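**Q** pasting the structure only:
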């Protein structure tokens, strides 16, 4: 299992659009990807669950990736979060 | 060119393309009873919806802009959401028809988002509803009525309150209805939005469908289908003159409303939603004299939650800041019906179970609203008033419930403020009992529309009774004078929140009677202030 942290930089937080991009970005991985914010925990492949976190700018996210392709998934997801959130 | 008439409800001129509003026709398909079949139907509908939204997305991106396109894109993504799809599948396996499964699951998610403590996410519930309604419509084989892009004049037989709230307000240039009256909901909305509109018009739907340009003259109550050049020039001239007059009123912005003899009048707005509160501020309203609280209850399938109500009231309280806001508690019944409250059909709904009467008999409806108002009271200057009071005991009962609700909240550690409790005087009984009610109430606000209807026994929805619906009737004037005197004698204030408050013919008389607050459509505030500052009084 891989785990890393990310602090949200986007002034709007995880709003609908980046949440949608995130879901698309992780859809291809076999690993189970979980995002934990101070407001709750969500499966990164589920859009409405991610939106329900209502995670805001400055909040710290803990991302765990667990599965056969966790190495690659975690690296690419970290890059995605830095670029988009 | 073809022309005709209608009863004007707001002055102004609008020229543009016209659309006939028709109710969407949906027939629920007979459920097959076989989950495999329903599942296949749902998957097919999903494919159609995906195609429609992709097309819409491309169109929005090319023609309207990134921001609108992003909204469509979010719906496309929601369509693929695993939680939503799981929910629909579970409902189908439980025996639901695909159409119902799609709709109900969407509604469940929409409610979760509506109850979140986050304004942005609250607004997303509309996206979820939009998405699930699309699937529902596809599954019901709805060919669908959809509004065109851009701005237009809307022509309809009549519009129900639940229909008007679903319309895109910023794109409607005018309403023309074949039915309705000067105090119908379409007319009220037209005045709120400041758009020239006609009711009881003789326009036919063929007139609309055959014309390219429709024009409305809200000064004279005339409509023109494909106006000729001369008419068009005349209308444009009127339009620019009206704009110039509006600019002249700007001199009164930010001023107090005081008569030359020194009487201070509070000019406040009638609103229906947090959206309207923003419009009230930009129209320079000194507060809100009537917040109709029905908007959260109409156009949906279930009761709004306490949290949803709280969020809306809190928003209005915050938008208005220190300015007073009078929230009228729920006034469902009569011409405003909702299916989910299971109210029995009545022979005579105007005299039936409505207003405070429902609230006192159905505490499960009233209590969440009162709790929401008290919770929101900490964020601004809220007042509450009860509609359809006819007896002193009704007011006492409602006040007792208010006190109980506030005490409960205090015990739960929720901050509240004192909320002055008033009576919306709209039954002749309340007017005659004004002296007694004034000892229990913190203020009066007269709903002149209903008070006229009940005093004169004239149905305000019935267009044929027009000449008998006399808002200046001496009986009504006598009641108004009595109400104002009773208020002043007992040291409370009295205001007017019906149509009469904005009526230039009687404003001076109302001020003389002793009314100190006039509540009206936001667009009338500045012209009324001008009149008050120049009254002979």
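**A** Received the coordinates, thanks. What you see is a predicted model, and the numbers here were worked out from it, not measured in a lab.

**Q** so chain B: which segments form each domain?
**A** Listed by automatic domain parsing, the domain ranges of chain B are B:2-23+B:146-243, B:35-139, B:263-533.

**Q** quick one: end-to-end distance for the shortest one.
**A** I take that to be domain B:35-139. Distance across domain B:35-139, first residue to last, is 15 Å (CA to CA, to the nearest Å).

**Q** follow-up on the earlier one: for the domains of chain B, give me TSV that also has distance to chain A and mean pLDDT.
**A** Yep, even glycine has a C-beta here, placed from its N, CA and C like the rest. Output for the domains of chain B, formatted as TSV (distance: least, CB to the nearest CB, whole Å; pLDDT from 0 to 100):
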stretch	distance to chain A	mean pLDDT
domain B:2-23+B:146-243	20	87
domain B:35-139	4	85
domain B:263-533	14	91
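
**Q** could I get those domains as CSV with mean neighbour count?
**A** Formatted as CSV, the domains of chain B follow (neighbours: other CB atoms under 10 Å in any protein chain shown):
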stretch, mean neighbour count
domain B:2-23+B:146-243, 19
domain B:35-139, 18
domain B:263-533, 19
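
**Q** which among the ones you listed is found nearest to residue A:33?
**A** Closest of these to residue A:33 is domain B:35-139, at 12.7 Å (criterion: CB to CB).

**Q** check the secondary structure at residue 77 for me.
**A** No chain specified, so I'll use chain A. Put simply, residue A:77 is helix when judged by DSSP: H, G, I helix; E, B strand; the rest coil.

**Q** was after chain B, sorry
**A** In three-state terms, and counting by three-state DSSP, residue B:77 is helix.

**Q** residue contacts, the nearest residue to it once chain neighbours are set aside?
**A** With CB to CB, 6 or more residues apart in numbering or on different chains as the criterion, residue B:77 has its nearest non-adjacent residue at 3.8 Å, and that residue is residue A:20. Counting by CB atoms under 8 Å, 6 or more residues apart in numbering or on different chains, residue A:20 makes contact with A:47, B:73, B:74, B:77.

**Q** contacting residues around the first one?
**A** Read that as residue A:47. Listed by CB under 8 Å, 6+ apart, the contact partners of residue A:47 are A:19, A:20, A:23, B:77, B:78, B:80, B:81, B:82, B:83.

**Q** kindly recompute the last result at 7 Å.
**A** A:19, A:20, A:23, B:77, B:78, B:81 (CB atoms under 7 Å, 6 or more residues apart in numbering or on different chains).

**Q** of those, closest to residue B:473?
**A** Looking at the contacts of residue A:47 and their distance to residue B:473, the nearest is residue B:78, at 54.6 Å (CB to CB).

**Q** what's the closest non-adjacent residue to that closest one?
**A** Leaving aside its sequence neighbours, residue B:78 sits nearest to residue B:131 (CB to CB, 6+ apart; 5.0 Å).

**Q** residue B:77 versus that neighbour, what's the distance?
**A** Applying CB to CB, to the nearest Å, the value for residue B:131 to residue B:77 is 9 Å.

**Q** repeat for residue B:392
**A** Separation of residue B:392 from residue B:77 (CB to CB) stands at 57 Å.

**Q** repeat that for residue B:469.
**A** Distance from residue B:469 to residue B:77, by CB to CB: 52 Å.

**Q** need the pLDDT of the residue of chain A found nearest chain B.
**A** In chain A, the residue that lies nearest chain B is residue A:20 (3.8 Å; CB to the nearest CB). We note a pLDDT of 86 for residue A:20 in this prediction.

**Q** confirm that it sits in a helix.
**A** Yes: residue state for residue A:20 (three-state DSSP) corresponds to a helix.

**Q** near chain B, which residues of chain A?
**A** Taking CB under 7 Å from any CB of the partner chain, the part of chain A that reaches chain B is made up of A:15-17, A:20, A:23, A:45-49, A:51-52, A:54.

**Q** can you rerun that using 6 Å?
**A** A:16, A:17, A:20, A:46, A:47, A:48, A:49, A:54 (CB under 6 Å from any CB of the partner chain).

**Q** figure out the helix or strand that the second one lives in.
**A** So the one you mean is residue A:17. In this assignment (DSSP states H and E), residue A:17 forms part of helix A:16-26.

**Q** how far does that helix sit from the chain's center?
**A** Its chain's average C-alpha position is 8 Å from that of helix A:16-26, according to CA atoms, centre = their mean, to the nearest Å.

**Q** following it, which helix or strand comes up?
**A** strand A:32-37.

**Q** can you list the strands that that next one pairs with?
**A** In the sheet, strand A:32-37 lines up against strand A:40-43 (antiparallel), strand A:60-66 (antiparallel) (DSSP bridges).

**Q** run the angle between the longest one and helix A:16-26 for me.
**A** Yep, that's strand A:60-66 we're talking about. 20 degrees (axes from the mean of the first three to the mean of the last three CA atoms, to 10 degrees).
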